[in-house]
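J.: Following is a predicted model, sequence given first.
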Amino acid sequence: MNDRRGPALVVPRTGGSDVLVVEDRPAPAPGPDEVLVEVAAVGVNFIDVYQREGVYPVEPPFVACNEGAGTVVEVGSAVRGLGVGDRVAWGQAAGSGARYVAVPAAVVVRVPDGVDLDDAAAVMLQGLTAHYLVTSTYAVEEGTTALVHAAAGGVGQLLVQMVKALGGRVVATAGGPEKCATASRLGADHVVDYRAVEDLAAAVREVAGGGVDVAYDGVGKDTFDASLASLRPRGTLALFGGASGQVPPFDLQRLNAAGSCFVTRPKLLDHIATRDELEWRARELLEAVARGTLEVTVGGRYDLADAARAYDALEGRATQGKLLLLP
């Protein structure tokens, strides 16, 4: 008989971080195609906020979080290729904010030797996002000039490093000297402190020599107009998040006036739709972490009971790198 129990972070109703509660729950029984994982670390992400607030509708009550890493303690009857004791990680599996989580085997990947579970949990969702952005949404190559907003944040730090590894130039934006210094240390060619300029797009265009080929924008409402105005003719704006709020509808004729520009709103699930694609992206990502060529910054670790503080820090842009919950 399975007598495992542990804490779970529950969203009993939609709302702010104050609605979060921790409940003691029995470990779920894995289905035939699932593995039961004892979770070592859980990633804190804006998708959790969108689900908690009802922007992405999920019927409450539900267990929060989507990303994590840990050790397999039980395997479903139909699962092949995974066993008890395997170290695994995943980027998107509902209900990950608990000590024990039943995760579909199709979404987990093995964590290679040389990568600890904290780093694996910290890099999966944001790292896979950065990977598809620079390889598929707009394929960066030698000479590409890319604008990276929130360059000291979780996705931003990874984007800066990945663009540079592919031979591109990076114009980074960040708020304040400390965050700007982080972006510069990671390889950004130019860093613009958005708090210190009146016209962000003009500042970007000046250091970029007329504009950027692609703008990677996970901030959303506060930066969208500047991102569009920073593009060269036929440039691409990749809007992959809304940390400052969702972008309202806009007139498509603005793309005409900007120089036949493109705007896309991609999401991760469409870029790991097959097992082969997931394994390709995760392999490149985790091998780079293991080699030390991709730096993962954990900006804070919080007990599950302190999850509200972690989300308040994330939403208040008071963080650098990735925040983790430890269940």
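T.: Happy to help now that I have it.

J.: Surely Lys322 is within a strand?
T.: Yes: Lys322 forms part of a strand when assessed by DSSP: H, G, I helix; E, B strand; the rest coil.

J.: Does it touch Tyr302 like I think?
T.: No: here Lys322 does not reach Tyr302: they are 11.7 Å apart, not a contact under Cβ atoms under 8 Å. The way it works is simple: take the backbone N, C-alpha and C, and place the C-beta from them, glycine included.

J.: Mutual contacts of these two, please.
T.: Val44 (Cβ atoms under 8 Å, 6 or more residues apart in numbering).

J.: Neighbour count for these two, which is higher?
T.: Lys322 (31 against 18; other Cβ atoms under 10 Å).

J.: SS state for the closest residue to that one other than its chain neighbours?
T.: Distances taken as Cβ to Cβ, 6 or more residues apart in numbering put Ala122 closest to Lys322, at 4.0 Å, once the chain neighbours are dropped. With three-state DSSP as the basis, Ala122 sits in helix.

J.: Report the buried residues of the host helix or strand of Val207.
T.: Assigned by DSSP states H and E, Val207 belongs to helix 200-208. Neighbour counts over helix 200-208 (16 or more other Cβ atoms under 10 Å) mark 200-201, 203-205, 208 as buried.

J.: Just put those residues in CSV and tack on pLDDT and distance to Arg234.
T.: Shown next, in CSV, are the buried residues of helix 200-208 (pLDDT from 0 to 100; distance: Cβ to Cβ, whole Å):
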residue, pLDDT, distance to Arg234
Leu200, 98, 21
Ala201, 98, 17
Ala203, 98, 22
Val204, 98, 17
Arg205, 98, 15
Ala208, 97, 15
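
J.: picking that back up, from Glu67, how far out is the residue nearest to Lys322?
T.: Distance of Ala122 to Glu67, computed by Cβ to Cβ, to the nearest Å: 9 Å.

J.: Tell me the residues that contact both of those two, please.
T.: Gly43.

J.: Quick one: residues contacting the closest residue to Gly242 other than its chain neighbours.
T.: Counting by Cβ to Cβ, 6+ apart, Gly242 lies nearest to Gly220, which is 3.3 Å off, once chain neighbours are set aside. The neighbours of Gly220, taking Cβ under 8 Å, 6+ apart as the test, are 239, 241-247.
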